[in-house]
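1. Okay, structure incoming, though there's no sequence with it:
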């Protein structure tokens, strides 16, 4: 799933007021971004005229297009679906299981993301430790409470989680203010397939850390919403968070600013 950053349109005669109030400032970042909706413009302009902060965390209604699995990856997950219905004996499952370094997977996802941006002539994203903590927190929460969504069961959005952590992200392009963090999420497995004898799992075809990272980024690039986030020109930093569960699920969260 993916969510995109929100925006507010401001008339030119109010820009001076906004600068005087310290609401916006000049940004060296330029470029273009694809946007999907204008929300609450009238109320936000009125707030600006009254001296109120107009930055609007508007990811609540953001794009949530789903495209996590390509046709190829869907075929590879046929056995994974069967696996999820089985009760696994941990001693059997862990016998030949390799060690997985979640920090290395995070690094590889970051590198592959920047390679995709480079392929399209875009600047590289810096790896931001504050955004990383937000992303890790969401992956851990999804894994712990067994859900897969941008919003938590309580309804907290990516921008809500950023605000709770004390992190603020604002982008200005022309007359537009972009506020909040964007997000991609992915859920996969540590393996491609498994083998059974008399109905009991005996071994797994384990993925490598490189394969997990590549499957994640390839899945995002094959989905319009995720791809748009990765290739958004004005983003200049990101954080990746990976969590692995005891039943070999992998949760990946990617947040952008």
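-> Noted; the coordinates are in hand. These numbers were taken from a predicted model, which means no experiment stands behind them.
2. before we move on, which element is the closest residue in space to residue 215 that isn't next to it in sequence in?
-> Sequence neighbours aside, residue 188 is the residue nearest to residue 215 in space, at 5.9 Å (criterion: CB to CB, 6 or more residues apart in numbering). C-beta here means a position set from N, CA and C on the backbone, and glycine is covered the same way. Using DSSP states H and E, residue 188 sits within strand 182-189.
3. Surely residue 150 is in a strand?
-> No - counting by DSSP: H, G, I helix; E, B strand; the rest coil, residue 150 is not found in a strand; it is coil.
4. where along this structure do the helices fall?
-> Ranges of helices in the chain, per DSSP state H, are 15-20, 41-49, 71-76, 78-84, 90-93, 102-119, 129-145, 158-164, 209-221, 224-230.
5. Show the contacting residues for residue 187.
-> 68, 142, 148, 249, 250, 251, 252 (CB atoms under 8 Å, 6 or more residues apart in numbering).
6. Next, work out how far apart it and residue 201 are.
-> 21 Å (CB to CB, to the nearest Å).
7. Just give the nearest non-adjacent residue to residue 242, would you?
-> Looking at residue 242 with CB to CB, 6+ apart, the closest residue is residue 102, at 4.3 Å.
8. State the number of residues packed around that neighbour.
-> Per other CB atoms under 10 Å, the neighbour tally for residue 102 reads 18.
9. what about the stretch 51-200 of the chain, any weak spots by pLDDT?
-> Applying pLDDT under 70 to the stretch 51-200 of the chain flags residues 51-95.
10. Name the member of the contacts of residue 187 with the most neighbours.
-> Neighbour-wise, these (other CB under 10 Å) top out at residue 252, 28 neighbours.
11. got the contact list for the closest residue to residue 125 other than its chain neighbours?
-> Once flanking residues are discounted, residue 125 sits nearest to residue 238: 4.6 Å by CB to CB, 6+ apart. Each residue near residue 238 by CB under 8 Å, 6+ apart is listed here: 110, 113, 125, 126, 127, 128, 131, 254, 255, 256, 257.
12. Out of those, which sit inside strands?
-> Secondary structure defined by DSSP state E assigns 126, 127, 254, 255, 256 of the contacts of residue 238 to strands.
13. Can you tell me how far the residue nearest to residue 242 is from residue 222?
-> 24 Å.
14. With distance to residue 177 and neighbour count as added columns, please give the ones in strands among the contacts of residue 238 in a markdown table.
-> As requested, the ones in strands among the contacts of residue 238 are arranged in a markdown table below (distance: CB to CB, whole Å; neighbours: other CB atoms under 10 Å):
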| residue | distance to residue 177 | neighbour count |
| --- | --- | --- |
| 126 | 22 | 14 |
| 127 | 25 | 17 |
| 254 | 23 | 31 |
| 255 | 19 | 31 |
| 256 | 16 | 27 |
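15. closest to residue 213 among those?
-> Relative to residue 213, the closest of these is residue 254; by CB to CB it sits at 11.2 Å.
16. can I assume the closest one is in contact with residue 112?
-> No - the pair residue 254 / residue 112 is not scored as a contact, 10.7 Å apart, by CB atoms under 8 Å.
17. Next, count neighbours for residue 174.
-> Count around residue 174 with other CB under 10 Å applied: 9.
18. any idea how far it lies from residue 234?
-> Taking CB to CB, one finds residue 174 at 11 Å from residue 234.
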